[in-house]
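>>> No letters, just coordinates:
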C-alpha cells in the first residue's frame, strides 16, 4: 500500500491521526496541493477525484475520500476500532462524523476557498474548476458559528462525541475546529463544553504527533 | 423503533429503498417538510438537526442522517448487507456513497434551494435559516453535469457502482439522479453507461416500491 497525502491539509490530517491511533504505518507520497500536483495527469490517472488522501492498494486500485481510506484500514486492522462496534455506537459515530464534516469542515472550506486570497477557480476540491462565490465566505462564517454552538451543546452531556470513547467523529471534529484557525475564527469563550473537549483531545499522542492542519 | 420520514424527499427515499432491500418494516411518522414541521419545537426536541429521516429508538435516542440510520439497521439486521463485507468493497461503497451524496445530491439541492421558487432562508436543511445565494443555482447545474460525466465514466467498467453487487452507493446515486428531475435536468443521451445502470436499478422491486423522490 501507498498513501498519497499532504501533511498540511485537514483531510490528510484526519487519516494521519486515525493511523496514529491504531499504530498503522504506511509509506507515503506527498502531493503538493499548493503546487496543484493533485491535478497533474499522472496523479489524475490514479485518482480521478484529484484529491488527497488517496490509498493505493498493491493491485493498483486507488481509494479516495477520508472515510473510504479509514474504513479500509479499520477492516484490515480491526484492533482499537474508531467507527464503533455496537449498533447504536456505530450509528452515533456515523452521524457525528457526517455532521462535523458537512457543518464543520465544509463550512470552513467555504470561507477559505471563496476568500480573495484563494486561487480563482478552486472553490471546491476535485478535478473541476468552479469560480469563487464571495457570498459563501459570509455564509460559511455564520455556519461555523452555528456549528460551534451545536457541538458545544452536544458536548455538555458527552465526554467525547460519542460517549466515553474517542472515535472517528472526534477526529473529524478536531480537524474542523483546527481548520477554523486558517480563517481566523476562534472558539468563543462561552463554549466551555467545546473548550473542555478540545483540550482533552488535543492532549492525545496521535494528535500531538500530527499537530496542525 | 419509529422512523420519522417524508416520503416525497430524496433522503427519506434512500432509507425507504434500503429498508425494502432488506425487508425491514418499521412504524413511520410523517414530518411534512412542505409545512416545515421539522422545525416545530416537539420535533426539534427529539432531533436538534431538524431533518428527516430520523430513527427514534425505544429508549428515546434519536438518530439522524441517512447513513447513521442505515448503518444502525445494517448492524441489527446484517442479512443482505448493503455497506459491504470485504475490506476493499466496504471502502469502495463508502467512497461512492460519499461522492454521490456530495457531488450528486448536494449539487441538486444547491440548484433547487437557491432557486427563485424556493422559500427564502431555507438554502440548507437543518435548524438554521441561511439566505439563498442565486449564483449557487448555476454552479449547482454545472456540478450536476460534471457528476453525470464522472459516474458515466465509472459505470463503463462496473455493472453497479461497486462491482457486480447492488449497494448503498447505488441507492444514493439513484436518489441523486432522480432528484435532478426536480430541477429539470436530464441524463444526456451520450451517457450510455449511466443510462444502462439507471434502467437496471430502476427495475428493482425496492425502487419500484419507492418510485419517486
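Cool, the structure landed. None of these values were measured; they are calculated from a predicted model.
>>> show me where chain A has helices.
Using DSSP state H, the helices of chain A run over A:10-22, A:41-46, A:66-76, A:87-99, A:106-113, A:135-155, A:168-179, A:192-202, A:205-208.
>>> so can I have a markdown table of these showing mean pLDDT?
Formatted as a markdown table, the helices of chain A follow (pLDDT from 0 to 100):
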| stretch | mean pLDDT |
| --- | --- |
| helix A:10-22 | 98 |
| helix A:41-46 | 96 |
| helix A:66-76 | 98 |
| helix A:87-99 | 98 |
| helix A:106-113 | 98 |
| helix A:135-155 | 98 |
| helix A:168-179 | 98 |
| helix A:192-202 | 98 |
| helix A:205-208 | 96 |
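>>> Would you tell me which of those gets closest to residue A:33?
Of all the helices of chain A, helix A:10-22 sits nearest to residue A:33, with 9.0 Å by C-beta to C-beta. Bear in mind the C-beta positions are built from the backbone N, C-alpha and C, glycine included.
>>> What is the closest one packed up against?
Contact here means 3 or more C-beta pairs under 8 Å, 6 or more residues apart in numbering or on different chains; DSSP states H and E; on that basis helix A:10-22 packs against strand A:2-5, helix A:66-76, helix A:168-179, helix A:205-208.
>>> quick check, distance from the first one to the centre of its chain.
Counting by C-alpha atoms, centre = their mean, to the nearest Å, strand A:2-5 is centred 15 Å from the centre of its parent chain.
>>> Just confirm yes or no for it near chain B.
No: with C-beta under 8 Å from any C-beta of the partner chain as the threshold, strand A:2-5 lies outside contact range of chain B, at a closest distance of 13.2 Å.
>>> Buried ones in that strand, by neighbour count?
Neighbour-count burial for strand A:2-5 flags A:3-5 (criterion: 16 or more other C-beta atoms under 10 Å in any protein chain shown).
>>> which one of those sits closest to residue B:208?
Out of the buried residues of strand A:2-5, the member with the shortest distance to residue B:208 (by C-beta to C-beta) is residue A:4, at 41.3 Å.
>>> Name the residues of chain A found near chain B, please.
Applying C-beta under 8 Å from any C-beta, we find that chain A lies next to chain B at A:48-49, A:55, A:57, A:61, A:63-65, A:67-69, A:71-72, A:75-76, A:86-88, A:90-92, A:94-95, A:98-99, A:103, A:124, A:126, A:128, A:130-131, A:133, A:135-136, A:139, A:142-143, A:146, A:150, A:153.
>>> Show the buried residues in the residues you listed.
With burial judged by 16+ other C-beta under 10 Å, the buried subset of the residues of chain A next to chain B is A:49, A:55, A:63-65, A:67-69, A:71-72, A:75, A:87-88, A:90-92, A:94-95, A:98-99, A:103, A:124, A:126, A:128, A:130, A:133, A:135-136, A:139, A:143, A:146, A:150.
>>> What does the pLDDT read for the residue of chain A most remote from its centre?
Most distant from the centre of chain A: residue A:59, at 26.6 Å, with distances by C-alpha atoms, centre = their mean. Residue A:59 carries a pLDDT value of 95.
>>> now residue A:117
For residue A:117, the model assigns a pLDDT of 95.
>>> Can you tell me how far it is from residue A:111?
For residue A:117, the distance to residue A:111 equals 11 Å [C-beta to C-beta, to the nearest Å].
>>> circling back: pick the most buried one from the helices of chain A.
Mean neighbour count, computed with mean count of other C-beta atoms under 10 Å in any protein chain shown, is highest for helix A:168-179 among the helices of chain A, reaching a mean of 26.
>>> so what does that one touch, helix or strand wise?
Helix A:168-179 sits against helix A:10-22, helix A:66-76, helix A:87-99, helix A:106-113, helix A:192-202, with contacts defined as 3+ C-beta pairs under 8 Å, 6+ apart.
>>> From the rest of the structure, what touches the last one?
When you say that, I think you mean helix A:192-202. A:148, A:151-156, A:159-161, A:166, A:170, A:174, A:177, A:187, A:189, A:207-208 (C-beta atoms under 8 Å, 6 or more residues apart in numbering or on different chains).
>>> mind running it again at 10 Å?
With C-beta atoms under 10 Å, 6 or more residues apart in numbering or on different chains as the test, helix A:192-202 has contacts from A:17, A:147-161, A:166, A:170-171, A:173-174, A:177-178, A:187-189, A:191, A:207-208, A:211.
>>> so how far is that helix off the chain centroid?
Mean-position distance between helix A:192-202 and its chain equals 17 Å (C-alpha atoms, centre = their mean).
>>> The residue nearest to residue A:173 when sequence neighbours are not counted: how many residues sit nearby?
Leaving out its chain neighbours, the residue that sits closest to residue A:173 by C-beta to C-beta, 6 or more residues apart in numbering or on different chains is residue A:100, at 4.3 Å. Residue A:100 has 25 neighbours, counted by other C-beta atoms under 10 Å in any protein chain shown.
>>> Quick check: residue A:100 touching residue A:155?
No: applying C-beta atoms under 10 Å, one finds residue A:100 not in contact with residue A:155, separated by 11.6 Å.
>>> how many neighbours does residue A:184 have?
Using other C-beta under 10 Å, residue A:184 has 7 other residues around it.
>>> pretty sure it contacts residue A:117?
No: under the contact definition of C-beta under 10 Å, residue A:184 does not touch residue A:117, with a separation of 11.9 Å.
>>> Ends of stretch A:38-47, what's the gap?
9 Å (C-alpha to C-alpha, to the nearest Å).
>>> So what touches that stretch?
Residues from elsewhere that reach stretch A:38-47, judged by C-beta under 10 Å, 6+ apart: A:2, A:4, A:6, A:29, A:31-33, A:37, A:49-56, A:60-65, A:122, A:125-127, A:129.
>>> Pull the distance from it to the chain's centre.
Centre-to-centre, stretch A:38-47 and its host chain are 21 Å apart (C-alpha atoms, centre = their mean).
>>> and if you look at stretch A:129-149?
The chain centre lies 17 Å from the centre of stretch A:129-149; the measure is C-alpha atoms, centre = their mean.
>>> sorry, back to before: compare the helices of chain A and give me the one nearest residue B:203.
With C-beta to C-beta as the criterion, residue B:203 lies closest to helix A:66-76 of the helices of chain A, at 28.1 Å.
>>> so how far is that closest one from its chain's centroid?
Remark: helix A:66-76 is offset 14 Å from the chain centroid, using C-alpha atoms, centre = their mean.
>>> Among the contacts of stretch A:38-47, which ones are in strands?
If you go by DSSP state E, the contacts of stretch A:38-47 have A:2, A:4, A:29, A:54-56, A:62-64 in strands.
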